[in-house]
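S.K.: Quick one: sequence plus predicted model below, questions after.
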Amino acid sequence: MTVKTIEHEFSSRQQLIALQRLSLVMSRTLDLEEALSQMLACLQEQVSMQLGMVALYNPDQQALMLEKLYGVSAEVSKDVSQIRYRLGEGILGQVMRQGEAAVVVKLENEPRFLDRLNVYDYQLPFICVPILGPDAKPFGVLAAQPMENHPEELSARTRFLEVVANLVGQTVRLVGQAKSQHEGLIEERDQLRRKVRSQYGFANMVGKTPAMRQVFSTVRQVAKWDTTVLIRGESGTGKELIANAIHYNSPRSNQSFVRLNCAALPENLLESELFGHEKGAFTGAMRQRKGRFEQADGGTIFLDEIGEISALFQAKLLRVLQEGEFERVGGNETLKVDVRVVTATNKDLEEKVRDGEFREDLYYRLNVMPIELPPLRERIEDIDALAEFLLDKLSKKQHRKLHISEGAVRLLMAHTWPGNVRELENCLERAAVLSESGLIDRDMIILEKSPMQPKPQPSASVATNPISHYSSAVSPQDENLDERQRVIAALEASGWVQAKAARILGMTPRQIAYRIQVMNIKMRHL
């Protein structure tokens, strides 16, 4: 058989099969060690090239570091990572420096061969090729030893090994990029976690009244354990903030924190949202979908407005709380989850239990560790600290420094705050928008009356008059009036003279003129 025939046979049969397998190996994993191991195994099994090795250049060490050696004992493999070659040192170092393949017909005749591994057969050939980067510069070498001494095949085997080296180079670069991106994502995730933890840390929980100190003490204690928590309080008191603080200061803080407002969805959608559904479970279910409980597995689920769920759904929720298991909508498979449950409500659950609107057994399952948040009107002493804290948040949002005057704080402390902290935050944001200098003074504080308070009914004689009517018998100092009503009452009492009305309210003419304009009070001309 001629040399050409042998080279053709090797090329057409062995190489194509080996390259097909190599391409599959390289595309199935981003684990560099596993990819190199499978690639070198393929060289040995498919094209009879044993003891394959890959060495990559380390710029810090300024040397080739042996990355993988295939076909040796575990004892030898242990020492592989310690072996290195400087540029120009031995066959590997020379190939790395010159960027050209080296072919040795018989190792015993090659003085450049250093034999640091002591595993190669001196009676057989040895082939070493460079691994080139996108700039055609070598960044490593690939070497292997044919199992038989056929000098006429060395040219074809060298070309084949160069093709494999290109595949190895692509794999090394892809793995490096994937590793870099993965490390970047991990760092970004850790930064976000640190930011969230600091945002919901105990240092950011504002309150100095005894009631709030008791709440903070309870949160610190309950965060350590997996106890079910029921957070109670009026709307706007910060129930979700407390739920966040419990999760992000608990052992589950590295896992998911999933939120759901139970009042925001009808019952049929609520079940699918919490438990998920199978494909085809109902019209529009085009694919399987995980519910919130599955998403929160290992972490915490926060169910707000728990008092709004229906009696039928209460039974399904009770099973999850008791057994930790459920089925997706339209499915038969029972799923088990490990989820901590934190709930919140502004309803009187005890009254709903007495009226038969809320299951008693579910109530006791939820009310393991209750936390009661006092309304803002019961902790007026916290308003100055809360105002500073909320203005600090607004300062970052508006990219400027905001301050509040003592007079404005006193005005805030005189209000009853039916909307609690949420209303206070809205009030300060509105005042910040009106302040060009960044200083929030009394005349920029606009206090709205509660939407639950009924509007005064005008008498028949003034029903068609666009001017808001208040009897002069109404005192501007009446604490039951909101600020707009007090301003109008003072104007009524002063005969609609702004200067007199300002003196009644303890304001300057500029301040009362500003309120008349902002509150859209139409002046009566007598």
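M.R.: Received the coordinates, thanks. Residues are numbered from 1 along each chain as shown.
S.K.: Dump stretch 417-429 to PDB, keeping only the CA atoms.
M.R.: Extracted in PDB, the C-alpha atoms of stretch 417-429 (Å, rounded to 0.1, in the frame of the first residue of the first chain):
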ATOM      1  CA  TRP A 417     -52.500  60.400  59.300                       C
ATOM      2  CA  PRO A 418     -55.400  58.100  58.300                       C
ATOM      3  CA  GLY A 419     -53.200  56.800  55.500                       C
ATOM      4  CA  ASN A 420     -50.300  56.200  58.000                       C
ATOM      5  CA  VAL A 421     -46.700  56.100  56.700                       C
ATOM      6  CA  ARG A 422     -47.700  55.800  53.100                       C
ATOM      7  CA  GLU A 423     -49.700  59.100  53.400                       C
ATOM      8  CA  LEU A 424     -46.700  60.700  55.100                       C
ATOM      9  CA  GLU A 425     -44.400  59.600  52.300                       C
ATOM     10  CA  ASN A 426     -46.800  61.000  49.600                       C
ATOM     11  CA  CYS A 427     -47.100  64.300  51.500                       C
ATOM     12  CA  LEU A 428     -43.300  64.700  51.700                       C
ATOM     13  CA  GLU A 429     -42.800  63.800  48.000                       C
END
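S.K.: Any idea which helix or strand in this structure has the lowest mean pLDDT?
M.R.: For the chain, using mean pLDDT, DSSP states H and E, the weakest element among its helices and strands is helix 3-9, scoring a mean of 43.
S.K.: Check which element follows that one along the chain.
M.R.: In the C-terminal direction, the helix or strand that comes right after helix 3-9 (DSSP states H and E) is helix 16-28.
S.K.: and that following helix, what other elements does it pack with?
M.R.: For helix 16-28, the helices and strands in contact under the criterion 3 or more Cβ pairs under 8 Å, 6 or more residues apart in numbering; DSSP states H and E are helix 32-47, helix 154-199. For glycine as for every other residue, the C-beta is placed from the backbone atoms N, C-alpha and C.
S.K.: I'd like the mean pLDDT over the helix or strand harbouring K397, please.
M.R.: Secondary structure assigned from DSSP H and E places K397 in helix 383-398. For helix 383-398, mean pLDDT is 92.
S.K.: contact partners of stretch 264-275?
M.R.: Taking contacts as Cβ atoms under 8 Å, 6 or more residues apart in numbering, the residues outside stretch 264-275 that touch it are 260, 262, 281-282, 289, 291-293, 305, 309-310, 312-313, 316-317, 320, 326-329.
S.K.: Type out the ChimeraX command that picks the buried ones from these.
M.R.: Buried residues within these, as defined by 16 or more other Cβ atoms under 10 Å, are selected in ChimeraX through the command that follows:
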select :260,262,281,289,291,292,293,305,309,313,316,317,320,326,327,328,329
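S.K.: Could you pick out which of the contacts of stretch 264-275 are located in strands?
M.R.: Among these, the residues falling in strands (DSSP state E) are L260, R289, F326, E327.
S.K.: of the residues you listed, closest to G71?
M.R.: The closest of the ones in strands among the contacts of stretch 264-275 to G71 turns out to be R289 (Cβ to Cβ; 48.5 Å).
S.K.: So that closest one sits against G280, correct?
M.R.: No - the pair R289 / G280 is not scored as a contact, 11.6 Å apart, by Cβ atoms under 8 Å.
S.K.: quick one: common contacting residues for these two?
M.R.: With contacts taken as Cβ under 8 Å, 6+ apart, R289 and G280 have no neighbour in common.
S.K.: So for G495, what's the pLDDT?
M.R.: G495 carries a pLDDT value of 79.
S.K.: need the contact list for E234.
M.R.: E234 makes contact with N346, L373, P375, N420 under the criterion Cβ under 8 Å, 6+ apart.
S.K.: neighbour-wise, which of those leads?
M.R.: For the contacts of E234, the largest neighbour count, defined by other Cβ atoms under 10 Å, is 25 neighbours, found at L373.
S.K.: pLDDT at that one, what is it?
M.R.: What the model reports for L373 is a pLDDT of 94.
S.K.: Quick check: closest non-adjacent residue to it.
M.R.: Distance criterion Cβ to Cβ, 6 or more residues apart in numbering; nearest residue to L373, sequence neighbours excluded, is G233 at 3.2 Å.
S.K.: now G299
M.R.: In this structure, G299 finds its nearest non-sequential neighbour in Q255, 3.3 Å apart by Cβ to Cβ, 6+ apart.
S.K.: can you check G291 too?
M.R.: With Cβ to Cβ, 6+ apart, the residue lying closest to G291 is G276, at 3.3 Å.
S.K.: so the one you found makes contact with R328?
M.R.: Yes - the pair formed by G276 and R328 meets the contact definition of Cβ under 8 Å, at 4.3 Å.
S.K.: buried residues in the helix or strand hosting H247?
M.R.: When elements are defined using DSSP H and E, H247 is found to belong to helix 239-248. The neighbour-count criterion (16+ other Cβ under 10 Å) identifies K239, L241, I242, A243, N244, A245, I246, H247, Y248 as the buried residues of helix 239-248.
S.K.: list the contacts for the third one?
M.R.: So that's I242. Shown here is I242, whose contacts under the criterion Cβ under 8 Å, 6+ apart are V215, V219, I231, I371, L373.
S.K.: One more pass at 7 Å, please.
M.R.: Each residue near I242 by Cβ atoms under 7 Å, 6 or more residues apart in numbering is listed here: V219, I231, I371, L373.
S.K.: The residues you listed in strands, which ones?
M.R.: Per DSSP E, the subset of these in strands is I231, I371.
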